[in-house]
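*Asks:* Next come a sequence and a model predicted from it.
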Amino acid sequence: MKNIVILISGRGSNMEAIVRACAAEGWNAGIAAVISNRPDAAGLNFAKSRGITTAVVDHKAFADRTDFDAELGRVVGSFAPDLIVLAGFMRILSSDFVKRFEGRIVNVHPSLLPSFTGLHTHRRAIEAGCKLAGVTVHFVTAELDHGPIIAQATVPVLPGDTEATLSARVLAREHVIYPRAVHWIVDGVLRVENGVVTHTGGEPQLFS
Ligand code: GAR
């Protein structure tokens, strides 16, 4: 039984998709805790309603990133995580934190990485005239929005799209591929070689 700790900052819809899939598909895993850096994160309510332990490590209570990350590391570590799932967690993690849990942190990012790291991915994709957008699930390394790619899903950018319409189209795919990718990790079916992730059973890692 693997221990999953999920970090959120807000709405938590990806966390919700993972919690639901874990229960519905009978993963060999449990959600040990949902942790937020914001006390008012809406996702905390869903986690509580499912009887999941929640915790808040409020970044505003710390003088700098080093102090915040030290406390976050202490709280996360107290749940003995096999896997740390960043689900809309909007803080940059220090290299010390990443090193401590190396290979055990995954993230979802709303772009086709390595394009559009950072913020405002949908607006930037529309402004760049992209015809294709999407979402990436990847292992976390010390470099922001980089790291071995586990799965990607693509969506079209349609004429007249706004940030809101494109992000809604992408989010619907996030809710499909993120639980799938986390399930793969729980089942130990991924191999990482030279920064490239392969599903050992040959399942497609590209979704449309
Ligand atoms: C999601 O779209 C996720 O991809 C994005 O924040 C949103 C969180 O939604 N994450 C990032 O931008 C991380 N760089 P949620 O709280 O409903 O899961």
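*Replies:* On my side now, so go ahead.
*Asks:* my read: Val57 touches Ala70, true?
*Replies:* No. With contact defined as Cβ atoms under 8 Å, Val57 does not count as touching Ala70 (10.1 Å). Every C-beta, even on glycine, is put in place using the N, C-alpha and C of the backbone.
*Asks:* Between these two, tell me which one has more neighbours.
*Replies:* Val57 (21 against 13; other Cβ atoms under 10 Å).
*Asks:* wait, what's in contact with that one?
*Replies:* 35-37, 68, 71-72, 75 (Cβ atoms under 8 Å, 6 or more residues apart in numbering).
*Asks:* Can you select the buried ones from these in PyMOL?
*Replies:* In PyMOL, this line selects whichever of those come out buried by 16 or more other Cβ atoms under 10 Å:
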select buried, resi 35+36+37+68+72
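*Asks:* ok, the contacts of Val57 vs the ligand, which is closest?
*Replies:* Proximity of the contacts of Val57 to the ligand was ranked by Cβ to the nearest ligand atom; the top entry is Ser36 with 9.9 Å.
*Asks:* Bridged to the closest one, which residues?
*Replies:* Taking DSSP bridges, one obtains Ile8, Val56 as the residues bridged to Ser36.
*Asks:* List the residues that contact it.
*Replies:* Here Ser36 is in contact with 7-9, 43-44, 54-57 (criterion: Cβ under 8 Å, 6+ apart).
*Asks:* In which helix or strand does Ile6 reside?
*Replies:* Assigned by DSSP states H and E, Ile6 belongs to strand 2-8.
*Asks:* count of neighbours near the residue of the chain found nearest the ligand?
*Replies:* When scored by Cβ to the nearest ligand atom, the chain has Gly88 as its residue closest to the ligand, at 2.6 Å. Residues near Gly88, counting by other Cβ under 10 Å, number 22.
*Asks:* What pLDDT does the model give it?
*Replies:* If you check Gly88, the pLDDT there is 98.
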